[in-house]
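Peer 1: structure, please.
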Amino acid sequence: MLQDVKNWFQKPYYFNPSIKFKSKLSLIFGFSVFSFLYIFEPFSLSTFNEYLFDYTLGIGLITFIGSLIVLILPPIFFKNYFNEDKWTIGRNLIYIGLCIIVNGTILWFFGQLFKQETHIEHINYFTFIYYTFLVSALPLIIFILFNEKSIRKKREETAKEINDLKSAKFNINNPLKNITFSSENNKESFTIEVEKLVYITSEGNYASFFIIKNNELKEKILRVTLTKIESFLKDYDFIIRCHKSYIINTKYVNRITGNARGYLLKCNILDFYIPVSRKFSKKSLLTLVK
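Peer 2: Got it, this is the predicted structure:
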């Protein structure tokens with residue numbers, strides 16, 4: 001049971017960096033909180049009488065603004081933690097908990113000021129945070145549960161459709177061609193047979209080239225950006241930058257799979273999956289499976 005819970009927390013989850021999406025989500029959250037409190041009047045809100053609309057509207061507005069701030073600022077200052085390729089359900093739940101506590105604290109101070117003006121009794125901080133979790137946590141967890149399942153299922157179905165359309169063949173028929181890569185300062189370079197290049201990944205200011213030789217992968221390292229590497233490969237349409245950190249030779253791709261975080265490429269000669277950028281459309285994905 002504990003292992004199942006742990007596995008669920010470690011499941012990949014989609015982190016959307018779009019400001020437009022975060023603004024829309026904050027607006028929906030704020031409006032939902034206002035509507036719920038105003039319509040159902042929980043936690044003795046019925047005693048507010050003529051002040052009910054003003055109070056619940058204020059809570060809704062503060063929830064919207066607070067959510068927007070918490071959704072936008074932390075990913076800017078803590079980029080490693082909010083790495084889209086490592087985002088999980090567990091991290092998302094921790095993030096939601098932070099949002100609830102921050103918003104709850106701001107709302108408690110708002111309630112204290114409001115109730116002083118209206119002479120309405122104010123509950124203590126910890127009770128208020130507890131109520132905030134009651135209103136927010138369960139619907140958000142249910143949303144995450146169904147959203148993860150929905151996105152994962154959709155991507156798995158798309159991956160299956162693509163794999164059915166494209167035969168998974170590992171077959172290199174084109175004549176071998178040599179290509180020379182040079183470093184950023186053009187002081188270092190090396191030449192390889194382009195058909196033996198499996199993939200390239202970036203490591204800080206360096207790029208690692210993985211080449212197949214005698215059925216084994218060999219690594220070559222060069223101080224160069226993936227953007228410059230793309231310029232060397234522009235004549236080879238079967239070598240594609242599929243992700244901000246990866247360039248892949250699609251002749252080695254056997255199939256595509258997907259989860260809630262995104263799509264992944266599988267090569268039989270690799271013991272891991274290569275991620276695909278979310279900017280790829282279904283049509284673009286078809287070019288990644290040969």
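
Peer 1: so which residues of the stretch 1-150 of the chain form helices?
Peer 2: 2-9, 19-40, 52-77, 89-118, 125-165 (DSSP state H, counting those that start in this stretch).

Peer 1: tell me which other helices or strands the third one touches.
Peer 2: In other words, helix 52-77. helix 19-40, helix 89-118 (3 or more Cβ pairs under 8 Å, 6 or more residues apart in numbering; DSSP states H and E). Placement of C-beta: from N, CA and C, glycine included.

Peer 1: list the contacts of the shortest one.
Peer 2: Taking contacts as Cβ atoms under 8 Å, 6 or more residues apart in numbering, the residues outside helix 19-40 that touch it are 16, 42, 45, 52-53, 56-57, 59-65, 67-68, 71-72, 135-136, 139.

Peer 1: filter those to the buried ones?
Peer 2: Buried by 16 or more other Cβ atoms under 10 Å: 45, 56, 59-60, 62-64, 67-68, 71, 135-136, out of the contacts of helix 19-40.

Peer 1: can you pick out the most distant pair from the residues you listed?
Peer 2: L45 and L71 (26.6 Å; Cβ to Cβ).

Peer 1: distance check, N7 against K79.
Peer 2: 26 Å (Cβ to Cβ, to the nearest Å).

Peer 1: do the same with T227
Peer 2: T227 is 20 Å from K79, by Cβ to Cβ.

Peer 1: over to P12?
Peer 2: 18 Å.

Peer 1: of those two, who's got more company?
Peer 2: Neighbours were counted for P12 and for K79 using other Cβ atoms under 10 Å; P12 has more, 20 against 9.

Peer 1: how about that one: what's its closest non-neighbour residue?
Peer 2: R261 (3.6 Å; Cβ to Cβ, 6 or more residues apart in numbering).

Peer 1: swap in E184?
Peer 2: V224 (5.4 Å).

Peer 1: again, but for I151
Peer 2: A260 (4.4 Å).

Peer 1: which of the three states applies to that neighbour?
Peer 2: Here A260 is recorded as coil under DSSP: H, G, I helix; E, B strand; the rest coil.

Peer 1: can you get me a residue count around it?
Peer 2: 23.

Peer 1: quick one: contacts for it?
Peer 2: 11-14, 147-149, 151-152, 155.

Peer 1: turn those into a markdown table, including distance to I101 and pLDDT.
Peer 2: Output for the contacts of A260, formatted as a markdown table (distance: Cβ to Cβ, whole Å; pLDDT from 0 to 100):
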| residue | distance to I101 | pLDDT |
| --- | --- | --- |
| K11 | 24 | 85 |
| P12 | 25 | 86 |
| Y13 | 20 | 86 |
| Y14 | 23 | 83 |
| N147 | 22 | 81 |
| E148 | 23 | 81 |
| K149 | 27 | 83 |
| I151 | 27 | 84 |
| R152 | 29 | 85 |
| R155 | 32 | 86 |
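
Peer 1: now those: which count as buried?
Peer 2: 11-14, 148, 151-152, 155.

Peer 1: list the buried residues for stretch 137-146?
Peer 2: For stretch 137-146, by 16+ other Cβ under 10 Å, it's 140, 144.

Peer 1: which outside residues touch that stretch?
Peer 2: 13, 32, 89, 92-93, 96-97, 100.

Peer 1: quick one: which of those residues is nearest to Y273?
Peer 2: Y13 (16.3 Å).

Peer 1: so who does that closest one touch?
Peer 2: Y13 sits in contact with 87-89, 91-92, 144, 148, 260-261, where contact means Cβ under 8 Å, 6+ apart.

Peer 1: could you rerun that using 7 Å?
Peer 2: Y13 makes contact with 87-89, 92, 148, 260-261, according to Cβ atoms under 7 Å, 6 or more residues apart in numbering.
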